[in-house]
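S.K.: What follows is a predicted structure for the sequence shown.
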Amino acid sequence: MPEDERRTSLRDLHHHMTSLAQPARVFVDPLDGTRAAVEARRWVWPLLILALCVSASGTLFSLRWDASPDVIRQLQGSGELMGLSEADLTDKIQTESRKALVGGIAKGVILMPLMALLLACILWVASWLFDRPASFEQLLSAAVLALLPIALYHLILTLCVAAQHSITVARVMNLVPSNLGAVLQGLSPKMQRVASTVDFFNFWSTGLLGLGFSAATGMSRGRALLLAVALYAMYAGIFLIGLPAQAGAQ
């Protein structure tokens, strides 16, 4: 190999290794690691890791999921079980298993990138409101980096599901007890939803989001962290408490 090509290959390899290692610093050095990754606009590798981890957990869950108890319980609640033949029940169970497989893959490949993009748009609006202009690519990097703890959660969940012979929806919710709702027992459904918002990985993501926003806009870390906490409080109030409560009441 000519010397120039060898140097180019080594330079490209070093660039790719830096692109991968720099975002990983947020786990061991969140202050400087987040700032460096946001300033370098590192979002591609973190987004790929996020999509891969979420897709892996969803896919493995669908393969380990014993859908029969959950589907029968759902049909009993809706009153449809009495009129079903055994063949129809088997078809419904198989259909739910296929839907879980497709949904698990789609959550990682489609939903997580859309969530990162939406979060970056929210950060852009916040930077405009606070008169702290920033590059959208830096804000996207801050959003994707903030979701890395969620990727870590799904990686741990994947390993836990892989150790199970079969699993149910109720069981998978408690495999990685990272929130108070999974730890505290005997809570009412309403308090269970409230306790579930106190989640280690979500709080970790919230902290990284504040640090990333600070690095992208120059806002003080304290104010940026308060903004991130306010955004998480709104998210938890709507998606973790409000909408589930409304769905349960119907």
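M.R.: In hand now; what should we look at?
S.K.: Helices of this protein, start to end?
M.R.: With helices called from DSSP state H, the chain shows them at 3-28, 30-39, 44-64, 67-78, 86-106, 112-129, 136-146, 148-162, 169-173, 180-183, 189-196, 200-217, 221-235, 243-249.
S.K.: Which stretch among those is buried most, on average?
M.R.: helix 136-146 (a mean of 25; mean count of other Cβ atoms under 10 Å). Where you see a C-beta, it was placed from the backbone N, CA and C, and this is true even at glycine.
S.K.: That helix - contacts with which helices or strands?
M.R.: Under the contact definition 3 or more Cβ pairs under 8 Å, 6 or more residues apart in numbering; DSSP states H and E, helix 136-146 sits against helix 30-39, helix 44-64, helix 112-129, helix 200-217.
S.K.: could you give the angle of it to helix 44-64?
M.R.: Here the directions of helix 136-146 and helix 44-64 differ by 40 degrees (axes from the mean of the first three to the mean of the last three Cα atoms, to 10 degrees).
S.K.: residues in contact with helix 136-146?
M.R.: With Cβ atoms under 8 Å, 6 or more residues apart in numbering as the test, helix 136-146 has contacts from 23, 26, 34, 37-43, 46-47, 50, 116-117, 119-120, 123-124, 127, 205-206, 208-209, 212-213, 215-216, 228.
S.K.: OK, contacts around Val38?
M.R.: Val38 neighbours (Cβ under 8 Å, 6+ apart): Gln138, Ser141, Ala142, Leu145, Gly212, Ala215, Ala216.
S.K.: whoops, Ser55 was the one
M.R.: With Cβ under 8 Å, 6+ apart, Ser55 has these contacts: Gly104, Ile105, Lys107, Gly108, Val109.
S.K.: Looking at these, which is nearest Ala162?
M.R.: Proximity to Ala162 was ranked across the contacts of Ser55 by Cβ to Cβ; first place goes to Gly104, at 13.8 Å.
S.K.: So which helix or strand of the protein has the lowest pLDDT on average?
M.R.: Lowest by mean pLDDT, DSSP states H and E among the helices and strands of the chain is helix 3-28, with a mean of 59.
S.K.: Could you check the pLDDT of the residue nearest the centre of the chain?
M.R.: The residue lying closest to the centre of the chain (Cα atoms, centre = their mean) is Ile150, at 4.1 Å. Note on Ile150: pLDDT of 96.
S.K.: That one against Phe201, yeah?
M.R.: Yes. With contact defined as Cβ atoms under 8 Å, Ile150 reaches Phe201; the gap is 6.1 Å.
S.K.: Just list whatever residues bridge to the closest residue to Arg64 other than its chain neighbours.
M.R.: Once flanking residues are discounted, Arg64 sits nearest to Ile167: 4.8 Å by Cβ to Cβ, 6 or more residues apart in numbering. Assessed by DSSP bridges, Ile167 has beta-bridge partners Trp65.
S.K.: Give me the distance between Ile167 and Ala40.
M.R.: According to Cβ to Cβ, to the nearest Å, Ile167 and Ala40 sit 40 Å apart.
S.K.: quick one: which of the two has more around it?
M.R.: Ile167 (18 against 14; other Cβ atoms under 10 Å).
S.K.: Please give me every residue in contact with the more buried one.
M.R.: By Cβ under 8 Å, 6+ apart, the contact list for Ile167 reads Phe61, Arg64, Trp65, Asp66, Val161, Leu175.
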